[in-house]
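Asker: okay, sequence plus prediction incoming.
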Amino acid sequence: MKILGVVGSKRKNGNTSILVQEALKPFESEDIETELIYIDNYNFRGCNGCEGCQDTYKCVIDDDMQKIYPKITASDAIILGSPAYFYNVSGDMKTFIDRLYCFEAFSKDDRSVWMSINEVLGVKYAAVVAVCEQKKVEDMGYTAEVLEKSLEALSYRVVSSVKAINLFSTGEASKDEKALKEAKVAGEKLLKTLELRQKIAKQLNN
Ligand SMILES: Cc1cc2nc3c(=O)[nH]c(=O)nc-3n(C[C@H](O)[C@H](O)[C@H](O)COP(=O)(O)O)c2cc1C
């Protein structure tokens with residue numbers, strides 16, 4: 001089992017990073033392999049809409065996303081975290097999500113017929129972490145929804161969605177017991193989901 005955490009904030013010690021790491025802790029306690037990546041450490045550009053991926057399900061752009069694709073493919077679950085930037089995910093996170101277009105496939109003669117490659121290879125699981133500075137959850141706008149819906153389109157079942165509010169300064173989340181607890185519980189639920197999946201698979205194979 002392998003879990004990938006993806007941080008969409010350039011603040012490496014920021015709130016998103018802290019909460020995504022907290023959500024990974026339940027896996028680390030069980031010695032399950034985890035990897036945390038910061039989008040900002042990779043150099044890649046936006047999807048250019050060339051449709052070059054549509055025959056191979058591989059992106060044709062030769063940049064650092066090519067280092068991230070194998071990590072996504074190899075992981076059983078993903079935890080995506082983003083700060084709210086103008087009621088939406090950060091630009092880095094949006095660029096990252098757009099580059100996952102190569103994991104979707106469309107019928108050539110009817111664009112309304114489409115699926116993700118995970119529908120063929122097997123559903124995956126996810127948790128999301130959205131962070132904002134304002135005190136009302138509405139002020140994070142579509143941040144959590146964008147993370148959730150994008151993952152769902154890629155056939156990830158999103159089992160937990162953390163919406164952490166009232167966090168502004170870098171690292172403030174490390175003192176926010178409520179947000180830390182929510183992130184940990186989100187990770188625990190993702191872990192329990194994967195364990196249940198393993199148990200059912202084992203029973204079915206007997
Ligand atoms: C460009 C920009 C836009 C932001 N937009 C919002 C917003 O729409 N709503 C909100 O509540 N906070 C907003 N914030 C605040 C951040 O979401 C908040 O500081 C968050 O804790 C940053 O997370 P990080 O520490 O992981 O970078 C914005 C911050 C920046 C820099």
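Answerer: Nice, I can see it.
Asker: what are the buried residues along the longest helix along the chain?
Answerer: Longest helix in the chain, counting residues (DSSP state H): helix 177-205. Of the residues in helix 177-205, 179-180, 182-191, 193-194, 197 count as buried by neighbour count, 16 or more other CB atoms under 10 Å. Heads up, the C-betas are built off the backbone N, CA and C, glycines and all.
Asker: didn't residue 42 look like it was pressed against residue 64?
Answerer: Yes. Using CB atoms under 8 Å, residue 42 makes contact with residue 64 at a distance of 3.8 Å.
Asker: now the residue in the chain positioned nearest to the ligand: closest residue in space, sequence neighbours ignored.
Answerer: Across the chain, no residue is closer to the ligand than residue 14, which sits at 2.6 Å (CB to the nearest ligand atom). Leaving out its chain neighbours, the residue that sits closest to residue 14 by CB to CB, 6 or more residues apart in numbering is residue 170, at 5.0 Å.
Asker: what about that neighbour, neighbour count?
Answerer: 15 (other CB atoms under 10 Å).
Asker: whatever helix or strand residue 5 lives in versus helix 177-205: what angle between them?
Answerer: In the assignment (DSSP states H and E), residue 5 maps to strand 2-7. If you take axes from the mean of the first three to the mean of the last three CA atoms, to 10 degrees, strand 2-7 sits at 150 degrees to helix 177-205.
Asker: strand 2-7 pairs with which strands, parallel or anti?
Answerer: Applying DSSP bridges to the sheet, strand 2-7 is found paired with strand 33-38 (parallel), strand 77-83 (parallel).
Asker: and the longest one, average pLDDT?
Answerer: Averaging pLDDT along strand 77-83 gives 98.
Asker: residues from the protein in reach of the ligand?
Answerer: Within the chain, the residues that sit near the ligand (CB under 6 Å from any ligand atom) are 9, 11, 14-17, 83-87, 131-134, 139-141, 167-168, 170.
Asker: circling back to that earlier point, could you give the average pLDDT over the longest helix of the chain?
Answerer: Average pLDDT, helix 177-205: 97.
Asker: same thing with stretch 141-155?
Answerer: 98.
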